[in-house]
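Trainee: Got a predicted structure plus its sequence, pasted below:
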Amino acid sequence: MTSDVLLQGINLTRRWGGLVAVNNVSISLKRGQVHGVIGTNGAGKSTLINLLSGEFPPSSGQVELLGQDVSQWAQSRRARSGLGRSYQRNTIYPSFTVLENCRLSAQAQHQQAWAFWRNADTDATTCRIAQDVAVRVGLGDALARQAGFLSHGQKRQLEIAMCLATAPKVLLLDEPLAGMGAEETERMLTLLQELKQDHAILLVEHDMDAVFRIADLITVMVNGVVIASGTPNEVRNNPEVRTAYLGDH
Amino acid sequence: MRHPTTFALVFFGLLALLPFVAGSYAVDLVAKIMIYALLALSLELLVGSTGLVCFGQAAFFGIGAYAAVLLSPTDGSTPSLWLSLLSAIVLAAVYALAVGALSLRTQGVYFIMVTLAFSQMAYYVVHDTPLGGGTDGIYLYVKPAWGWLDLDKSEHMYGFIWLSLLVGFLFLSQMLRAPFGRALSGIRVNEQRMKATGFSVYPYKLAAFTLSGAMSGWAGYLFAIKDGFVNPELLSWHLSGSVLVMIILGGLGHMRGALLGAFAFALLQELFRAEAVFGSYAKHWHLSLGLAIIACVAFMPHGLVALPAQLRERLSGRGNRKASVKTSEEQA
């Protein structure tokens, strides 16, 4: 079972001056599981993702990816080793086409920096991956569109597609459902169910119905601290969580 | 000129025909502008393609130029063209590698300042040490040659500059279509995402910076050979600034914008300096050039490259914003 732990954060703490954004948080992500992280705004969910992905270093604690201590690794190296993430705010390449957004992401795993004579647009490997992931998230008929002109929901889908294009083993998804319509949400949840088979997924999300439906484990954070962690049922019935966050859910 | 290929064919075709129809003054002027165009191309690679605003391009240009003169044989024999060109390019590239390695650790306005500081360092080395001959500069007595190609002949020189610009343009255009160029574009548009995707952006930026320095050195080499003379002004920040204005005038994000911008800038300068046109007012050409550039930037925010699209839009009377955004982002 332990071999299935793909990503582990151990006693992670991040201070910003006097503010402790993430306080001694440990989390482990296993293949085949969606691990939901919920909490109020400012609870430290996004900071946790940033610490795991290497956007900035933790004040203390360590991160293990596929059993290896990657605490000192740059974000790009972690990404190449199978750690994919999406952002809460869209961080696509707005002036590129949908296909190029995905293709460039795929290129990260197939960098041929010195092949000046090759045309990126006709590169079989990256183009095939780009097409596959775009179709997979439901952007198959928008390949040639400029990403900046997509609808909000489509941009969220593109975020996921770009993440998948890097062939990650672990997915850290920061509010992938934010601002999505009902139909788009359904499609995304179905996709997450599929992806979970061979990925470990961390899902930060405000849509409680979605999280409780899809997550196998849920961690609840308040003010940078984990107040509860367990199966959806355990969390739902945890009195502390009920008072702190869920209200009458 | 919607199609970059058509533009390139017409542009380089006209330049090739020029010596057969124009007088020696015009040919000499255009040769000089083509050298600036090559320099502008090298800066476009940094500013327009990678999003790195470098304010020290003149240093690499000047190093290439001084290398051409300082490395020529002292016994008065004819320097080998390829050997001297190669050494000028390599020296400029090495300096760019060193400057880039340090300055690329900074970002935004700090990057601009650090590149400026490094170019001023190079400026004062040639200005204030015996190495560069001081403010008087140095003359180059024997110009390089290779086989029948003799750069002492102005038509050969013109041809060689034309070829250099063509090679530089084709090389960069292809490079931007290659995975490397796409990575540079990604860095320009969203560096954070590039890192999160798995690109180590520093080596990419350093490679682009070094390549750009090498191309500037190449342009500087041509400048020194053409005029047979170098002085510290070739490394001054005025030139770095002028080249920035050229690429902005032409339209950032387009290789052909750098070509157009270099011509527009130099021809405007030529126009406002002409006493035949402006009489005694011509001595204030700095003022009129400055006003003209402000007007250009104000009325053509996307540069000369986007002018046709802008005019079409104006004529059709529809505020079709999408079209102009698209044009400004597409790569030439």
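Mentor: Cool, the structure landed.

Trainee: For the rest of this, base every contact and every neighbour count on C-alpha atoms.
Mentor: OK.

Trainee: how about the nearest residue to residue A:166, chain neighbours excluded?
Mentor: residue A:106 (5.0 Å; C-alpha to C-alpha, 6 or more residues apart in numbering or on different chains).

Trainee: Now do the helix or strand containing that neighbour, average pLDDT.
Mentor: Element membership for residue A:106, per DSSP states H and E: helix A:98-107. For helix A:98-107, mean pLDDT is 96.

Trainee: and for that helix, what are the contacting residues?
Mentor: In this structure, residues lying in contact with helix A:98-107 by C-alpha atoms under 8 Å, 6 or more residues apart in numbering or on different chains are A:92-93, A:126-127, A:129-131, A:133-134, A:142-147, A:158, A:161-163, A:165-167, B:179, B:182-183, B:186, B:194, B:197.

Trainee: rerun that using 6 Å as the cut-off
Mentor: Helix A:98-107 has contacts (C-alpha atoms under 6 Å, 6 or more residues apart in numbering or on different chains) with A:126-127, A:130, A:143, A:145, A:147, A:162, A:165-166, B:197.

Trainee: how far does that helix sit from the chain's center?
Mentor: Relative to its parent chain, helix A:98-107 has a centroid offset of 18 Å by C-alpha atoms, centre = their mean, to the nearest Å.

Trainee: if I look at the closest residue to residue A:133 other than its chain neighbours, how far off is chain B?
Mentor: Spatial nearest neighbour of residue A:133, excluding adjacent residues (C-alpha to C-alpha, 6+ apart): residue A:161 at 5.2 Å. Relative to chain B, residue A:161 is positioned 12 Å away (criterion: C-alpha to the nearest C-alpha, to the nearest Å).

Trainee: Check which element follows whatever helix or strand residue B:14 lives in along the chain.
Mentor: Residue B:14 is part of helix B:4-21, with elements assigned from DSSP H and E. Toward the C-terminus, helix B:4-21 is succeeded by helix B:24-44 as the next helix or strand (DSSP H and E).

Trainee: what packs against that next one?
Mentor: helix B:201-227, helix B:255-273 (3 or more C-alpha pairs under 6 Å, 6 or more residues apart in numbering or on different chains; DSSP states H and E).

Trainee: Buried residues, the shortest one. List them.
Mentor: Buried residues in helix B:255-273, counted by 16 or more other C-alpha atoms under 10 Å in any protein chain shown: B:255-266, B:268-269, B:271-273.

Trainee: quick revisit: CA atoms of the helix holding residue A:106 as PDB?
Mentor: The C-alpha coordinates for helix A:98-107 follow below in PDB (Å, rounded to 0.1, in the frame of the first residue of the first chain):
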ATOM      1  CA  VAL A  98      -5.700  25.900 -27.700                       C
ATOM      2  CA  LEU A  99      -3.600  23.300 -29.500                       C
ATOM      3  CA  GLU A 100      -0.300  25.300 -29.000                       C
ATOM      4  CA  ASN A 101      -1.100  25.700 -25.300                       C
ATOM      5  CA  CYS A 102      -1.300  22.000 -25.000                       C
ATOM      6  CA  ARG A 103       1.600  21.300 -27.400                       C
ATOM      7  CA  LEU A 104       4.000  23.600 -25.600                       C
ATOM      8  CA  SER A 105       3.100  21.900 -22.300                       C
ATOM      9  CA  ALA A 106       3.800  18.500 -23.900                       C
ATOM     10  CA  GLN A 107       7.100  19.900 -25.100                       C
END
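
Trainee: wait, residue A:24 sits on residue A:10?
Mentor: No: proximity of residue A:24 to residue A:10 does not meet the contact threshold set by C-alpha atoms under 6 Å, at 7.9 Å.

Trainee: Go ahead and list the helix or strand containing residue 193.
Mentor: Picked chain A for this. Secondary-structure assignment from DSSP H and E places residue A:193 in helix A:182-196.

Trainee: ah, I was thinking of chain B
Mentor: In the assignment (DSSP H and E), residue B:193 maps to helix B:179-197.

Trainee: That helix: which residues count as buried?
Mentor: Within helix B:179-197, the residues that qualify as buried by neighbour count (16+ other C-alpha under 10 Å) are B:179-197.

Trainee: ok, so what distance separates the nearest residue to residue A:85 once chain neighbours are set aside from residue A:220?
Mentor: The spatial neighbour of residue A:85 that comes closest, neighbours along the chain excluded (C-alpha to C-alpha, 6+ apart), is residue A:172 at 4.5 Å. Separation of residue A:172 from residue A:220 (C-alpha to C-alpha, to the nearest Å): 16 Å.

Trainee: So the two - more neighbours on which side?
Mentor: Set residue A:172 next to residue A:220 and count neighbours by other C-alpha atoms under 10 Å in any protein chain shown: residue A:172 wins out with 27 against 22.

Trainee: Can you give me the pLDDT of residue B:266?
Mentor: Residue-level confidence at residue B:266 comes out at 95, pLDDT.

Trainee: Ok, the one 4 residues further on next?
Mentor: Residue B:270 is assigned a predicted lDDT (pLDDT) of 91.

Trainee: Find the closest residue to chain A in the stretch 1-150 of chain B.
Mentor: The minimum distance from the stretch 1-150 of chain B to chain A, using C-alpha to the nearest C-alpha, falls at residue B:49 (12.8 Å).

Trainee: what's the burial count for that residue?
Mentor: If you count neighbours by other C-alpha under 10 Å, residue B:49 ends up with 25.

Trainee: Then the one 4 residues further on?
Mentor: Residue B:53 is surrounded by 20 other residues when neighbours are defined as other C-alpha under 10 Å.

Trainee: same question, residue A:84
Mentor: A total of 26 residues lie near residue A:84 under the criterion other C-alpha under 10 Å.

Trainee: How about the backbone phi and psi for it?
Mentor: Dihedral pair for residue A:84: phi -110, psi 150, per degrees, to the nearest 10.

Trainee: beta partners of it?
Mentor: Using DSSP bridges, the bridge partners assigned to residue A:84 are residue A:171.

Trainee: check contacts around it.
Mentor: A:163, A:168, A:170-171.

Trainee: Same question for the helix holding residue B:14: list its buried residues.
Mentor: In terms of neighbour count (16+ other C-alpha under 10 Å), helix B:4-21 has its buried residues at B:8, B:15, B:19.

Trainee: Looking at the residues you listed, which one is closest to residue B:201?
Mentor: Ranking the buried residues of helix B:4-21 by separation from residue B:201, with C-alpha to C-alpha as the measure, puts residue B:8 on top at 30.7 Å.

Trainee: Just give the closest residue to the closest one, not the sequence neighbours.
Mentor: Excluding its sequence neighbours, the residue lying closest to residue B:8 (C-alpha to C-alpha, 6+ apart) is residue B:256, at 7.6 Å.
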